[in-house]
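**Q** sequence and predicted structure, then a few things I'm wondering about:
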Amino acid sequence: MKELVDFIVLIIIYFWKFYKKWKEKGRDVLLVNTLMYIYLSFVLYFTLMPIIISLPFMFNHSYDSMNLVPFIDVLNSRGDFVRQVGLNMIMTIPFGFLMPLVKRNVGFLKVVSYTFLLSLGIEILQPLINGFRSADITDLITNVIGGSIGYIMYLIFKPLTTKILNYIGDK
């Protein structure tokens with residue numbers, strides 16, 4: 001329940017800063033941006049939360065530098081590597097799918113860049129906010145692969161999403 005404070009703050013920010021602005025742009029914009037906001041809130045939940053109650057204790061633990069050896073878990077047969085890779089890819093598939101809907105005319109390289117920056121930010125902050133988490137280059141690589149898969153799925157489903165968003169926007 002430590003995360004409850006973070007979720008309350010995220011809800012307040014949503015209604016205070018974003019809801020009205022997105023609603024004025026149309027129901028389709030409101031839907032897509034809200035879905036991205038909810039998605040990013042859950043990414044924060046699974047990767048960084050609790051954030052707010054952790055802030056006072058941020059410097060009470062050592063900061064472990066990022067593991068820069070890709071796929072070392074496989075080489076050393078550590079942990080459940082397949083599960084970790086799969087979860088990291090699954091986590092960023094929605095980002096790759098939603099980004100071109102939120103930010104129109106964004107291509108593959110931009111989505112890959114945005115996914116990289118999102119993942120890099122998470123990997124840098126994880127050991128800082130929580131002394132029990134570590135940063136890993138493998139996570140960064142698999143997150144970018146997930147974002148790329150999401151963008152490819154966007155391209156496949158673009159005709160359907162366009163119809164749905166046009167229908168919602170016309171209402």
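**A** Looks like it arrived, so ask away. Residues are numbered from 1 along each chain as shown.

**Q** which regions of the protein sit below the pLDDT cut-off?
**A** Low-confidence segments of the chain, defined by pLDDT under 70, are located at 131, 171.

**Q** let's see 80
**A** 1, 57-67, 73-80, 130-134, 169-171 (pLDDT under 80).

**Q** now the helices for it?
**A** 4-13, 19-24, 27-47, 72-75, 81-102, 108-129, 137-170 (DSSP state H).

**Q** how close does the residue nearest to Val69 when sequence neighbours are not counted get to Lys163?
**A** Leaving out its chain neighbours, the residue that sits closest to Val69 by CB to CB, 6 or more residues apart in numbering is Ile137, at 7.0 Å. Bear in mind the C-beta positions are built from the backbone N, C-alpha and C, glycine included. Using CB to CB, to the nearest Å, one gets 40 Å for the distance from Ile137 to Lys163.

**Q** which one's more surrounded, those two?
**A** Per other CB atoms under 10 Å, whichever of Ile137 and Lys163 has more neighbours is Ile137, with 15 against 10.

**Q** the more buried one and Phe71, how far apart?
**A** 9 Å.

**Q** do Val144 as well
**A** On the measure of CB to CB, Val144 and Phe71 end up 14 Å apart.
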